[in-house]
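>>> no sequence for this one, just the structure:
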């Protein structure tokens, strides 16, 4: 067959028409086309037609040709081993022959197809690919060079043969021979090609640095020659190379570190925020060792104010965040705005992770800032990176940072421009941990100032202030309570009931942190706290309810049995049980509510008795349902999905909470249920978190319901 294969004109016309129809917005037509395409997949020449449309149907529109390539890519990914050898060779030859197609879309599609084949067959399964692509790089035709480099970049990014950690791989890999050529292309007159070449070499820095060692001098010389390049993509790749080298093998850069720091200072000020972001990553790593710290110290006076400046919301951010000025508490959350919560297996300590990112964005369960909930600010950005950089510097230089930082902060905190003021408040939060000793002398003045900022007219100022004050909670709870703790608590409770959802979120998160720091200091204020949280329960939309559950659970852990008073039990349990009864077992909101109830049950002790039986029964149903779902999946994985273990873990933990809270009162329920049988199953579960929760429950039942547990312990000893 090979390159001599020719399509039947009628067949080609039919497939091309189907490809065009598949782009119709009509769902009915799409379903019909999909059915026909699935039938054609059984035709032995179907993939030949697809590669023909992609590479040779020059009169067709680019989207149709590209779609043929993407369908072929999916077929390659799933069925490549079943393709006839002649079809495999036809596809390979056509890809290389047409890699310089006039259309950027088609060149990109061919590159994706090439990478997919390499992913299935490996470079050794396509022995002439790299020599062919290397020859294409020497072409005088820009489209050919572009297509070849586009494919090579994808190969370098995706190829497992760049993994230098695999001892089974030979020391020399096929791609290694192209490194000198990539470096030569750093000087290519077209910026896009320079960026491609840099991107290819950057993959080596990250995955296979040893292969670069023989060429390191040429590489550094050629890399530094691009320091003044004006193209944004080239700038980003140059910066990425330096930052990656600093993380992987910093000693390579030591001799040039002073010059590099000056270069990074300049690029951190770049008007292109993505370029500035790449440069800003440098400050997260440069001070990791004594050499970097020594080189960086003389530049702090320039760097620190620059990082605070880059923490400001940009003009584009301000435009996107206009909605944050709204009193939006009545606006329902979109389902896609609610980030999934992942349950943490139970540990017997006060250890809720209220992790808050360095840009003041609430995160849960150890998630990083990149997962920030707000749609317009979801990505890791310059603001967050700058704040993280200042956080890192504060943990390296500690109070030595303050003479440089505080005079600048005094200016921005006093500014009438809310954007400047907000960035200063963020900076104060970023240095809270690293500069804690040095900041102690300034907090008697700063904390009252920040308490005033909690009443600012701008919601974004109020929300960032909640976060920053929470970072100083450990100082606040140790000082004069009338001056600091009580005013902070009172204002934070008001902000929990704010009319802006972002402020509610930040305040609720900050309160959870304050709860952990203050513990029983909260006891005299429990009435107003509980009433405020119950009011919040009535106000909050779905997303903030998840954080409220966490705050209530943390309150229970902080004050313990002090919560076991009839007025508190009734106030808290009415809304919790109402919500509990309305949520289905499949609702992801069920898990954080169950976590909350586990802590509340332990704290309320016998006060939880009216709710024990229905809560226990539902937990048993959740456990049984989860185990049955796992058995179904194990026996018929083609029919059933692998069930989420969160449901199982959280139910085990809640029964643990009941056992701790009501003690022996849980024993009759255990005796009447199949709990011990299911626990015996769970301690053999392959998921460690399930086993951990199961063993924790066994320990709790040994104290609360030993007579129910004893027969199973005897059985396990035989």
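Arrived safely, thanks for sending. Quantities reported herein were computed from a predicted structural model and do not represent experimental measurements.

>>> what segments of the stretch 601-718 of the chain are helices?
Listed in chain order, the helices found in the stretch 601-718 of the chain under DSSP state H, counting those that start in this stretch are 609-635, 646-662, 667-671, 675-682, 688-704, 706-717.

>>> just those: most buried one?
Of all these, helix 646-662 has the most neighbours on average by mean count of other C-beta atoms under 10 Å, namely a mean of 26. In short, each C-beta sits where N, CA and C put it, glycine included.

>>> show me where the chain has strands.
With strands called from DSSP state E, the chain shows none.

>>> where does it dip in pLDDT?
Of all residues in the chain, those with pLDDT under 70 make up the ranges 1-3, 159-172, 323-325, 330, 333, 335-378, 714-718.

>>> for residue 399, see how far away residue 234 is.
40 Å (C-beta to C-beta, to the nearest Å).

>>> so for these two, which sits in the more crowded spot?
Counted by other C-beta atoms under 10 Å, residue 234 and residue 399 do not tie: residue 234 has more neighbours, with 22 against 16.

>>> does that one touch residue 226 like I think?
Yes. The criterion here is C-beta atoms under 8 Å, and residue 234 meets it with residue 226 at 6.1 Å.

>>> where do the contact lists of these two overlap?
194, 198 (C-beta atoms under 8 Å, 6 or more residues apart in numbering).

>>> from residue 106, how far out is the closest residue in space to residue 54 that isn't next to it in sequence?
Once flanking residues are discounted, residue 54 sits nearest to residue 69: 4.0 Å by C-beta to C-beta, 6 or more residues apart in numbering. Between residue 69 and residue 106 the computed distance is 7 Å (C-beta to C-beta).

>>> okay, and the common contacts of these two?
Shared contacts of residue 69 and residue 106, counting by C-beta under 8 Å, 6+ apart, come down to residue 54.

>>> out of the helices of the stretch 601-718 of the chain, nearest to residue 411?
helix 646-662 (48.0 Å; C-beta to C-beta).

>>> I'd say residue 218 and residue 180 touch.
Yes. Using C-beta under 8 Å, residue 218 is in contact with residue 180, at 7.3 Å.

>>> show me which of the two is the more surrounded one.
The residue with more neighbours, out of residue 218 and residue 180, is residue 218; 15 against 12, by other C-beta under 10 Å.

>>> tell me the contacts of the more buried one?
180, 183.

>>> quick check: it vs residue 153, distance?
The value you get for residue 218 to residue 153, if C-beta to C-beta is used, is 20 Å.

>>> just residue 190 next, same as before
15 Å.

>>> please apply the same query to residue 198.
10 Å.

>>> neighbour-wise, which of these two wins?
Using other C-beta under 10 Å, the more surrounded residue of residue 198 and residue 153 is residue 198, with 27 against 21.

>>> follow-up on the earlier one: which one of the helices of the stretch 601-718 of the chain lies closest to residue 327?
helix 646-662 (34.2 Å).

>>> and the angle for that closest one with helix 675-682?
130 degrees (axes from the mean of the first three to the mean of the last three C-alpha atoms, to 10 degrees).

>>> what's helix 646-662 packed up against?
The contact analysis (3 or more C-beta pairs under 8 Å, 6 or more residues apart in numbering; DSSP states H and E) places helix 646-662 against helix 590-604, helix 609-635, helix 675-682, helix 688-704.

>>> quick one: closest of those helices to residue 110.
Going by C-beta to C-beta, the one of those nearest residue 110 is helix 609-635, 39.0 Å.

>>> for that closest one, packing partners?
With contacts taken as 3+ C-beta pairs under 8 Å, 6+ apart, helix 609-635 sits against helix 566-582, helix 590-604, helix 646-662, helix 667-671, helix 675-682.

>>> so how far is it off the chain centroid?
Here the centre of helix 609-635 is set off from its chain's centre by 30 Å, with C-alpha atoms, centre = their mean, to the nearest Å.

>>> that helix to helix 646-662, inter-axis angle?
Using the same axes, to 10 degrees: helix 609-635 against helix 646-662 is 150 degrees.

>>> please renumber so the chain begins at 45
Right, with 45 as the first residue, what we last looked at is helix 653-679.

>>> residue boundaries of the helices in the stretch 445-594 of the chain?
446-457, 462-474, 480-483, 487-497, 503-515, 517-520, 529-540, 545-562, 570-583, 586-603.

>>> could those be laid out in a markdown table, adding distance to residue 321 and mean neighbour count?
Output for the helices of the stretch 445-594 of the chain, formatted as a markdown table (distance: least, C-beta to C-beta, whole Å; neighbours: other C-beta atoms under 10 Å):
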| stretch | distance to residue 321 | mean neighbour count |
| --- | --- | --- |
| helix 446-457 | 21 | 17 |
| helix 462-474 | 16 | 24 |
| helix 480-483 | 28 | 17 |
| helix 487-497 | 27 | 16 |
| helix 503-515 | 20 | 26 |
| helix 517-520 | 30 | 19 |
| helix 529-540 | 31 | 20 |
| helix 545-562 | 23 | 26 |
| helix 570-583 | 36 | 17 |
| helix 586-603 | 27 | 23 |
